[in-house]
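In: Give me a model of this one.
(chains A and B)
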Amino acid sequence: MESTIVKAIDYNAYFGDNHVVKNVNIEIPRNSVVAVMGPSGCGKTTFLRGINRMHELIPGATAKGKILLNGEDVMEMHPIFVRLKIGMVFQRPNPFPNLSIYDNVIAGYKLNGIKLPKAEKDKIVELSLSRVALWNEVKDSLTKKGSFLSGGQQQRLCIARAVAMEPEVLLFDEPTSALDPISTSTVEELFHELKKNYTLIIVTHNMQQAARVSDKTAFFYLGELVEYDETKQMFTNPTDIRTQNYITGRFS
Amino acid sequence: MSVQVKYRIGKSVGFQVLTILLSVACVIPLIFILIYIIQAGITKINWHFLTNLPKPVGEIGGGIANALVGSMIVIGVASVIAIPVGILCGIYLSENKNSKLAYWSRLCVDILQGVPSIVIGIVAYFWLVKPLGGFSALSGSAALAVMMLPIIIRSTEETLLMLPDTLREAAYALGMPFHRVILKVIIPCGISGILSGVMLSVARIAGETAPLLFTAFGNNYMATNLTKPMETLPHVIFTYATSPYNEWKDLAWGASCMLLIFVLVLNIFTKFITRKWKVQL
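Out: So this is what the prediction gives:
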């Protein structure tokens, strides 16, 4: 298997006339954690949402260029198919409030009308919840509503929901910014486990988080991909002055 | 305490008392109406009243069975027409907030809400009753459906707008197509608001008389044929209350009471459902 799973070629994204992501070229290696950091409004979230074509759901949003998933251009695929292959976790935990914890995990199947035998569903639910270290906490309350859980648990439930679809890539849009420090560290520990089976791309505001969890880091500034390198290299010896200024806290 | 402070406290208390008095004052007319109609009507309501047809003048007894059945049919058919159209239009408005079509249809809905019911009745008369060659329950239902639409559309739209966008994103990110996002996530999460809009619209049209005068017209006999004239509760009240005979006036009071009870129960039921089915976000 090729080692690069996602590759962006001259990717540009716009909101109307506003050019928010400029000519991004990046290669994401399989089974790695890549952090995308940068100041607010630098286009990092827009880029992330471009990968699974969530960007175009916003009225007036357009994109140009290529995003290859295993060599295939996602811009040519049907968005529904893309989103089954590339899961996403959002900034705020958003379990479906009308579904139980159990149904939330298999929401991707249930709500898409994919019928599975009960045993299969049980297996998926247990495996997905175990992968996000939530199984032991909720196994006795699977029939309760998702909103019954704490914020950190809800976020892990949302990760489980994405994991249950067995995607190849998982996108995280500032997944811990709405969580307390303890929940944050639980979710961060998960990343190390999850990368065994998936490729993770994490947008974060938090430099320490990028340094802690990622193998490679990308730094976005004003819509451009300024620097992309091994995380260690990036934080100890950045080549671009803008990266250096950002890391040393001269602007944020 | 200085005089000035006392004066300010006095003003504040006075204002509070005024708000309380005036809010009591607006409840009083409703309570008087309720008491009066129930006093006048409740004694007329009995099994005989509910299950018999009206009798000719001079005969004792008689009931409003035909009007009860007719009202149910006319309202039922109106609901069947208005509910799907209204909910779908509300969904469109909430999902495409800023489109041109949404702007214009929102404007039209607001205007429609202000159109007097008698105007809707006349329009139904010229567009349905005349071409179809006679009064019919169906034309009455159509007129009432038009009156239900704005209420259903606006309450659906407002309910769905209150759902957070993160919910739609969660659904889209799982690879769900638009129709499933709407049917499986958006509607189930907003169901209590949508239903309460539907029930309030039914309560609103249950007592509409003006459009029915030109359309369903009225019928002294039991009728279930949608293409024929049909008796309804508001119409029975209108004809009997304006008649010179006391027996008929009694029927009108009984029918008013029935209508009032129906609307009250519907309102209470709506409150109950809204609370019970509310999805905790």
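In: Could you use CA atoms for every contact and neighbour count after this?
Out: Noted.
In: And the strands in chain A, which stretches?
Out: A:4-15, A:18-29, A:33-37, A:61-69, A:72-73, A:86-89, A:169-173, A:199-204, A:216-221, A:224-230 (DSSP state E).
In: partners of the third one, with directions?
Out: Translated: strand A:33-37. Strand A:33-37 has its sheet partners listed here by DSSP bridges as strand A:199-204 (parallel), strand A:216-221 (parallel).
In: Likewise for the second one?
Out: If you go by DSSP bridges, strand A:18-29 pairs up with strand A:4-15 (antiparallel).
In: one step back: mind checking which of the strands of chain A is nearest residue B:227?
Out: Residue B:227 lies closest to strand A:61-69 among the strands of chain A, at 51.6 Å (CA to CA).
In: ok, and the helix or strand in chain B with the lowest average confidence?
Out: Here the helix or strand of chain B ranked lowest by mean pLDDT, DSSP states H and E is helix B:47-51, holding a mean of 86.
In: Okay, buried residues for that one please.
Out: Under the neighbour-count criterion of 16 or more other CA atoms under 10 Å in any protein chain shown, helix B:47-51 has B:49-50 buried.
In: Now do the next helix-or-strand element following that helix: distance to the chain's middle.
Out: As assigned by DSSP states H and E, the chain's next helix or strand after helix B:47-51 is helix B:65-95. The chain centre lies 10 Å from the centre of helix B:65-95; the measure is CA atoms, centre = their mean, to the nearest Å.
In: With stretch A:104-119 instead?
Out: Centroid separation for stretch A:104-119 versus its chain: 22 Å, with CA atoms, centre = their mean.
In: ok, now stretch B:55-69?
Out: 26 Å.
In: For the closest residue to residue A:103 other than its chain neighbours, give me the pLDDT.
Out: Excluding the flanking residues, the one nearest residue A:103 by CA to CA, 6 or more residues apart in numbering or on different chains is residue A:110, at 7.3 Å. We have a pLDDT of 91 for residue A:110.
In: Residue A:221: how many residues sit nearby?
Out: 22 (other CA atoms under 10 Å in any protein chain shown).
In: Chain B contacts on the stretch 51-200 of chain A?
Out: A:52, A:54, A:79-84, A:87-90, A:92, A:94-98, A:108, A:111-112, A:147, A:162 (CA under 8 Å from any CA of the partner chain).
In: Weed out the non-buried ones from those residues.
Out: A:52, A:54, A:79-80, A:82-84, A:87-90, A:92, A:94-98, A:108, A:111-112, A:147, A:162.
In: Assign the residue of the stretch 51-200 of chain B found nearest chain A to helix, strand or coil.
Out: Evaluated by CA to the nearest CA, the stretch 51-200 of chain B has residue B:175 as its residue closest to chain A, separated by 4.4 Å. Here residue B:175 is coil, with the state taken from DSSP: H, G, I helix; E, B strand; the rest coil.
In: residue contacts, residue 32?
Out: All of this refers to chain A. By CA atoms under 8 Å, 6 or more residues apart in numbering or on different chains, the contact set of residue A:32 is A:195, A:198-200, A:214-216.
In: could you do chain B instead?
Out: Applying CA under 8 Å, 6+ apart, no residues qualify as near residue B:32.
In: I'd like the distance from the residue of the stretch 51-200 of chain B closest to chain A to residue B:164, if you could.
Out: In this view, residue B:175 and residue B:164 are 18 Å apart by CA to CA, to the nearest Å.
In: Tell me which of those two has more neighbours.
Out: Just comparing residue B:175 and residue B:164: by other CA under 10 Å the higher neighbour count belongs to residue B:175, 28 against 12.
In: Count the neighbours of residue A:146 for me.
Out: When neighbours are counted by other CA under 10 Å, residue A:146 comes out with 27.
In: give the contact list for the most centrally placed residue in chain B.
Out: Central residue of chain B (CA atoms, centre = their mean): residue B:204, 2.1 Å from the mean position. Listed by CA under 8 Å, 6+ apart, the contact partners of residue B:204 are residue B:148.
In: can I assume it sits in a strand?
Out: No. Residue B:204 is assigned helix when assessed by three-state DSSP, not a strand.
In: separation between the closest residue to residue A:42 other than its chain neighbours and residue A:43?
Out: Nearest non-adjacent residue to residue A:42, counting by CA to CA, 6+ apart: residue A:222, 4.5 Å away. Look at residue A:222 and residue A:43: by CA to CA, they are 7 Å apart.
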